[in-house]
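>>> after the sequence you'll find the predicted model.
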Amino acid sequence: MKTIKDMNLENKKVLIRCDFNVPMKEGKIVDDTRITAALPTIKYCLDHNAKVILFSHLGRVKEADDLEKNNLEPVAKRLEKLLKKKVTFISKTRGEELENAINNMKDKDILLVQNTRYEDLDGKKESKNDPELGKYWASLGDVFVNDAFGTIHRAHASNVGIASNLDSCIGFLIEKELNALKELDNPQHPFVVVLGGAKVADKIGVIENLVKKADKILIGGGMAFTFLKAEGYEIGNSLLDEENIEFCKNIMKDYDGKIVLPVDVAVTTEYSEKEEYKTKDITDIEYNEMGLDIGPKTVEVFENYLKDSKIAVWNGPLGVYEFEKYKKGTNDLLQYVVDNNIKIILGGGDIVAAASTSGYKDKVYHASTGGGATLEYLEGKTLPGLEEIK
Ligand code: AMP
């Protein structure tokens, strides 16, 4: 697959699909990690005298009311600050103003196009990869660089559409993400998988794909309770994915000893932070209690498996980390991983958000910028955003 270093960028109009889908609150950027993650590719293009034209989506645009709150202009301002350079923002996704601005660009100029999903208002043209739209955007440049890892599992006009009409490659961010994930294709052993989060249903594909390769799968979070139920434990009011009890039973039978479940949990009687919690062995959960975090004995069990691992991957928090009280299991294990230099890949989404708020994100081996994309990679699926480039 071609990377940015294989391309001639000199004096070219280079279209870059970035992932600037940053969290926003009242028009302000809450976390600019995704913007800073795009800088190496942008800077490389500037250093090679390119005219840099940036595309990204932001949020979802279903109705006219969604337009203003998903306006990409604040990203242009933040980019200006980070690059210490003017960034021209065009508030439209097509038309004369955009075309003229691009035609007037000089080498090393940067332009950001409005949120690609503004095109979704008219028949989901971006999200359904409308062929005319991809062709039109491709006509604005000479070279295309896909660097939006977060949308690589989707075929949209701004990635697959442009790539099918233009000489294309991947940028540094996608390259870095893929290099980390590739280490899991034929992993060194022991290979340990940590899974948490809410529903078993969302992780079935990952479990089915990784159970063959992994030495152990350590399960925490809400999804652990469906496995515990399948083993015959009383789980009270804990999260249950009734439809997948059979799946849990079968996978534990087929891969005897591979799946490791919690031995103790933090239980309470209400899904909130108000009530006190008790730490109990999983044999002692009562009918009116719910487990909202793994307990300290479980953290120790998980640590012991991770201690010997050569590589590990972790997807999903081990408790309701949004509540201060129930982020302890997730944080304690993150702390252990960092203190002991465990080679671990955090698979995007909630686990990276948890690691970010507690300051561990930049200390782990790799923290992915794309939850959905990583999950689909771990399921063994092909990623449409790469297919055209391949
Ligand atoms: P996911 O998107 O599947 O990774 O799920 C993340 C969500 O799982 C977070 O919002 C957590 O609050 C939730 N979660 C983790 N542990 C539990 C638990 N024991 N009970 C209920 N929800 C949980």
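Alright, I've got the coordinates.
>>> which parts of the stretch of helix or strand I42 belongs to are buried?
Following DSSP states H and E, one finds I42 within helix 33-47. Using 16 or more other Cβ atoms under 10 Å as the test for burial, helix 33-47 gives R34, I35, A37, A38, P40, T41, I42, Y44, C45, L46. All C-beta spots, glycine's among them, are computed from the backbone N, C-alpha and C.
>>> stretch 260-272 now?
Under 16+ other Cβ under 10 Å, the buried positions of stretch 260-272 are V260, L261, P262, D264, V265, A266, V267, T268.
>>> any idea how far whichever helix or strand comes after the helix holding I42 is from the chain center?
Counting by DSSP H and E, the next helix or strand C-terminal to helix 33-47 is strand 51-55. Mean C-alpha position of strand 51-55 versus that of the full chain (Cα atoms, centre = their mean, to the nearest Å) differs by 23 Å.
>>> likewise for stretch 199-208?
Relative to the chain's own centre, stretch 199-208 is displaced by 16 Å; criterion: Cα atoms, centre = their mean.
>>> and the closest residue to the ligand within the stretch 51-200 of the chain, how many residues sit next to it?
At 2.5 Å from the ligand, G197 is the closest residue in the stretch 51-200 of the chain, using Cβ to the nearest ligand atom. Other residues within reach of G197, judged by other Cβ atoms under 10 Å, total 23.
>>> counting neighbours, what do you get for the nearest residue to it once chain neighbours are set aside?
Spatial nearest neighbour of G197, excluding adjacent residues (Cβ to Cβ, 6 or more residues apart in numbering): G316 at 2.8 Å. Other residues near G316 come to 27 when the count uses other Cβ under 10 Å.
>>> for N288, same thing?
Considering only other Cβ under 10 Å, N288 is surrounded by 10 other residues.
>>> so it is in contact with N237, correct?
Yes. Counting by Cβ atoms under 8 Å, N288 touches N237, with 6.6 Å between them.
>>> shared neighbours of those two, anything?
T269 (Cβ atoms under 8 Å, 6 or more residues apart in numbering).
>>> got a markdown table for the buried residues of stretch 260-272, with secondary structure and distance to D362 too?
Shown next, in a markdown table, are these (DSSP: H, G, I helix; E, B strand; the rest coil; distance: Cβ to Cβ, whole Å):
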| residue | secondary structure | distance to D362 |
| --- | --- | --- |
| V260 | strand | 28 |
| L261 | coil | 31 |
| P262 | coil | 28 |
| D264 | strand | 31 |
| V265 | strand | 30 |
| A266 | strand | 28 |
| V267 | strand | 33 |
| T268 | strand | 32 |
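>>> where do the strands of the stretch 251-390 of the chain begin and end?
259-260, 264-268, 278-281, 290-294, 311-315, 344-346, 366-367 (DSSP state E, counting those that start in this stretch).
>>> which other helices and strands does the third one contact?
Which is strand 278-281. Here strand 278-281 touches strand 264-268, going by 3 or more Cβ pairs under 8 Å, 6 or more residues apart in numbering; DSSP states H and E.
>>> adjacent strands (with direction) for the strand it packs on?
strand 278-281 (antiparallel), strand 290-294 (antiparallel) (DSSP bridges).
>>> and the contacts of it?
By Cβ under 8 Å, 6+ apart, strand 264-268 touches 224, 236, 238, 275-282, 285-286, 289-298, 319, 325-326, 328-329.
>>> quick one: name the residues of the stretch 101-250 of the chain near the ligand.
Residues of the stretch 101-250 of the chain lying near the ligand by Cβ under 6 Å from any ligand atom: G196, G197, A198, K199, D202, G221, G222, L239.
>>> can you tell me the closest non-neighbouring residue to the first one?
What that stands for is G196. In space, and not counting its chain neighbours, G196 is closest to G221: 3.0 Å by Cβ to Cβ, 6+ apart.
>>> these two touch, right, the one you found and G197?
Yes. Counting by Cβ under 8 Å, G221 does reach G197; the two are 4.9 Å apart.
>>> enumerate the beta-bridge partners assigned to M290.
On the basis of DSSP bridges, M290 is bridged to T268.
>>> for A266, give its distance to D281.
12 Å (Cβ to Cβ, to the nearest Å).
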